[in-house]
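1. Pasting the sequence and the predicted model now:
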Amino acid sequence: MQSNDIHNEIVDKTRRKAILATAIGTAALATSSMAAPRKHASGAPVSATPQPVFFRTQKVGDVEVFYREAGPADAPVILLLHGFPTSSHMFRDLIPQLSQNYRVIAPDLPGFGQTKAPPRGTFNYSFDELARVIGQFVDAIGLQRYALYIFDYGAPTGLRLALAHPERVTAIISQNGNAYLDGFSENWGSWQTYWREPTAAHREACRDALSPQVIRDLQYLHGAPAGRVSPDGYTLDIGYMARPGADDIQLDLILDYRSNVARYPEFQAYFRSHRPPLLAVWGKNDPFFIPPGAEAYRRDIPDAEIHLLDAGHFALETHSVEIAGYMRDFLGRKLKG
């Protein structure tokens, strides 16, 4: 036998052994998986397929909170809080991707979506009130501990919950959920003027933010990859905004947004004191909340994990798979034990 033939035979035998070892290892892993189903670190089983989504309501005083829920009842909880001008519908693609491992709950805030609240004048549409209702909702459905997903208006709402009960918050995922002055773009001029001088004229100047064109073109399409944004989300939001009285409720909340900015130092003190595990997944092309708002979290939580996506304000419309992946990796590591 020639030396080259001997060499080739040795190489072939080595490759066959490697392939056989890999096959045996894979079979052993498969057999092990069949014998002992995988479990989450909490002990809850991990399903092989997405779980069904349920659409429920929960009475909280004079508010009937609509919410979406999926996942095992005994799995770790993620509380998803939406923003302006949308509803829990924004999580329609994310929920199935998390429901295998987690109990996922997404309520509609008062004044949004399918939640039924008293009319303006008999109900105070402020961020303190939104947080009060969601806090009572959390109690009513028996949540003791949960990770917070905060987006836009959901950020000041959820962070008020964290201030009230820091022991309940297992982690925070901020998706364009601002808590720093660094995060404001230059597109807040009319709102900031209204905060400083709440006149009728300045209120009227903010009405443009509620228009169908701004909701579609600036909120949803700006900065998003071309052809990737479904019309479902912005069409639904435009429909919700057209309901009688919705515009004045939103203008009240626009004025009260200044209360969130006033509480930023409290939110930041909470970050420093409690150091919740924090993941920021941020649409870097957001016309309202810019990337420095994501980076600022590291000032108070040095080990915060930050990922900037080539997306706009509604990053889930185009990047739900990526965001779900970051979340599963992050929560899988941080919620162990």
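-> Perfect, thanks for sending it. Just so it is clear, the model here is predicted, and its values are computed rather than measured.
2. Tyr102 and Leu79 touch, don't they?
-> No. At 10.4 Å, Tyr102 and Leu79 do not qualify as touching, with contact defined as C-beta atoms under 8 Å. All C-beta spots, glycine's among them, are computed from the backbone N, C-alpha and C.
3. quick one, which of those two is more surrounded?
-> Between Tyr102 and Leu79, counted using other C-beta atoms under 10 Å, the more crowded position is Tyr102 (27 against 24).
4. ok, now which ones touch that one?
-> When contacts are counted by C-beta atoms under 8 Å, 6 or more residues apart in numbering, Tyr102 touches 71, 75-78, 331.
5. helix/strand/coil for Tyr234?
-> With DSSP: H, G, I helix; E, B strand; the rest coil as the basis, Tyr234 sits in helix.
6. What pLDDT does the model give it?
-> Tyr234 carries a pLDDT score of 98 in this model.
7. contacting residues around it?
-> Tyr234 neighbours (C-beta under 8 Å, 6+ apart): 215-216, 219-221.
8. which one among those residues gets closest to Pro166?
-> The nearest member of the contacts of Tyr234 to Pro166, counting by C-beta to C-beta, is Gln219 at 31.5 Å.
9. and Asp248, how many neighbours?
-> Neighbours of Asp248 using other C-beta under 10 Å come to 16.
10. meant to ask about Arg275, not that
-> The tally of other residues near Arg275 (other C-beta under 10 Å) stands at 13.
11. Asp74 now?
-> Residues within reach of Asp74, counting by other C-beta under 10 Å, total 12.
12. again, but for Pro166
-> Neighbours around Pro166, by other C-beta under 10 Å: 12.
13. Next one: it from Leu218, what distance?
-> 35 Å (C-beta to C-beta, to the nearest Å).
14. on that earlier part again, dump the contacts of Tyr102 to a markdown table, plus pLDDT, neighbour count and distance to Arg299.
-> Listed next are these as a markdown table, based on pLDDT from 0 to 100; neighbours: other C-beta atoms under 10 Å; distance: C-beta to C-beta, whole Å:
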| residue | pLDDT | neighbour count | distance to Arg299 |
| --- | --- | --- | --- |
| Gly71 | 97 | 26 | 33 |
| Ala75 | 96 | 22 | 33 |
| Pro76 | 97 | 21 | 28 |
| Val77 | 98 | 23 | 28 |
| Ile78 | 98 | 27 | 25 |
| Leu331 | 98 | 23 | 23 |
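15. Tell me where the model's unsure across the stretch 1-150 of the chain.
-> 1-48 (pLDDT under 70).
16. let's see 50
-> For the stretch 1-150 of the chain, the stretches with pLDDT under 50 are 1-38, 40-42, 44-45.
17. Where do the helices of it begin and end?
-> 3-35, 94-98, 127-140 (DSSP state H, counting those that start in this stretch).
18. The residue nearest the centre of the chain pairs with what?
-> When C-alpha atoms, centre = their mean is applied to the chain, the residue found nearest the centroid is Tyr149 (3.6 Å). Note on Tyr149: beta-bridge partners by DSSP bridges are Leu80, Ile173.
19. residue contacts, it?
-> By C-beta under 8 Å, 6+ apart, the residues touching Tyr149 are 78-81, 158, 173, 175, 327.
20. go with 10 Å
-> Contacts for Tyr149 were tallied using C-beta atoms under 10 Å, 6 or more residues apart in numbering; they are 78-82, 91, 94, 98, 104, 106, 155, 158, 171-175, 177, 279, 281, 316, 323, 327.
21. And Asp300, by the same measure?
-> Neighbours of Asp300 in contact, by C-beta under 10 Å, 6+ apart: 179-180, 267-275, 278.
22. Now pLDDT and distance to His307 too, for these, in TSV please.
-> Output for the contacts of Asp300, formatted as TSV (pLDDT from 0 to 100; distance: C-beta to C-beta, whole Å):
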residue	pLDDT	distance to His307
Ala179	98	17
Tyr180	98	17
Phe267	98	21
Gln268	98	21
Ala269	98	25
Tyr270	98	22
Phe271	98	18
Arg272	98	22
Ser273	98	25
His274	98	22
Arg275	98	19
Leu278	98	12
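23. Just the ones of these in helices?
-> Members of those lying in helices (criterion: DSSP state H): 267-274.
24. What about those, which one has the most neighbours?
-> The most neighbours of any of those, using other C-beta under 10 Å, belong to Phe271, which has 23 neighbours.
25. what's the spacing between it and Met241?
-> Phe271 is 33 Å from Met241, by C-beta to C-beta.
26. got it, and Arg328?
-> Distance check for Arg328 against Met241: by C-beta to C-beta, it reads 33 Å.
27. Val229 now?
-> For Val229, the distance to Met241 equals 18 Å [C-beta to C-beta].
28. burial of the closest residue to Tyr264 other than its chain neighbours, as a residue count?
-> Once flanking residues are discounted, Tyr264 sits nearest to Ala179: 5.9 Å by C-beta to C-beta, 6 or more residues apart in numbering. Ala179 has 26 neighbours, counted by other C-beta under 10 Å.
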